[in-house]
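Asks: Sequence below, structure please.
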Amino acid sequence: MSYRLFEGKDHASIYQKYRFVPPEEVKVLILQYLEEKRGGQPLGLAVDLGCGTGQLSRLLAPHFQELVGLDISEGQLEEARAGLGCPNVTYRLGTAEELPFTDGSVDLLAAASAAHWFQQQRFLTETQRVLKPGGCIALLGFGDDNVHLQSRDCGDRLTQIYREVREVLLPYTSSQVAVASNKLQELFDAIPFPDKQRVESVQVRHCVSVRALLGFIESWSMFQSYRSSQPTAAQHLLDDTLNRILEEIGAESADTELEIHLEYFCILASKPQ
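Replies: Next up is the predicted model:
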């Protein structure tokens, strides 16, 4: 995780406030898979890689004796520590390529919308080292090509506005984000464990305010790159998008709610016993 795109304090704050918490449906998939592979043994240590501000960490923590969130960004970790605490969770600086755990000590290595930043082979080498026999990988995210917005009868037009924002930001998109768009297919193919599977098309709906939707866009690494390069144009993009959406839904307030439909995927794999 040598890509330092999420470290600024302002960016970390936006990330904490507006990024979506991974869905309950995906958490259940992960825990069911882990239970099957671990054969009912107690779940000791889980590690949230690229934990950011701790959304996935807090979701998984009640099911493990200990959970460690690792991230390369101290700004993100400060936000995670300032959030709702869980007594069995700690947050540390660290990377997916150099895991600070002993051989065969980890039950679960998880990552939410983060694995596309990992250096693939080094991550997989560390995975083989630190997982217990029967220990699991769970890598999840959502396909941005399948995001849809809805408010009454103007869903298609709202979705088009969203896609046009993506088009503007396309030149500022890193190759790693492009990997995420492919739902980590190359990484999935490279996982050396025979027992692995993809779960596709987990449909999730969130009710969000227009303000929160703009905050979500602001949290993207490509928007932050655009803002660094062209701050005035970046602010204009946000303002113009806000005005277009409000006009489309016939509202005046940025606190007006609409629906965002996301399609999650999850890669699951288990180290042989």
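
Asks: any idea which helix or strand carries the residue nearest to residue 191 when sequence neighbours are not counted?
Replies: Nearest-residue entry for residue 191: residue 269, 4.8 Å, with adjacent residues in sequence omitted and distances by C-beta to C-beta, 6 or more residues apart in numbering. Using the backbone N, CA and C atoms, a C-beta is placed for each residue, glycine as well. Per DSSP states H and E, residue 269 falls inside strand 257-270.

Asks: ditto for residue 204
Replies: For residue 204, the host element (DSSP H and E) is strand 195-209.

Asks: Show the residue spans covered by the helices in the stretch 151-273 of the chain.
Replies: Taking DSSP state H, counting those that start in this stretch as the criterion, the stretch 151-273 of the chain contains helices spanning 155-169, 175-181, 185-190, 210-219, 221-229, 231-249.

Asks: Number of residues surrounding residue 226?
Replies: When neighbours are counted by other C-beta atoms under 10 Å, residue 226 registers 19.

Asks: Report the contact partners of it.
Replies: 168-169, 172, 233-234, 237 (C-beta atoms under 8 Å, 6 or more residues apart in numbering).

Asks: Where is pLDDT lowest across the residues you listed?
Replies: In terms of pLDDT, residue 172 ranks lowest among the contacts of residue 226, with 88.

Asks: Is that one in contact with residue 225, as I believe?
Replies: Yes. Under the criterion of C-beta atoms under 8 Å, residue 172 makes contact with residue 225 at 4.1 Å.

Asks: Next, the buried residues of stretch 81-99.
Replies: For stretch 81-99, burial by neighbour count (16 or more other C-beta atoms under 10 Å) applies to 83, 89, 91, 94-97, 99.

Asks: do stretch 209-220 as well
Replies: 210, 212-220.

Asks: Nearest to residue 103 among the residues you listed?
Replies: Lowest distance from residue 103 to those (C-beta to C-beta) belongs to residue 219, with 36.0 Å.
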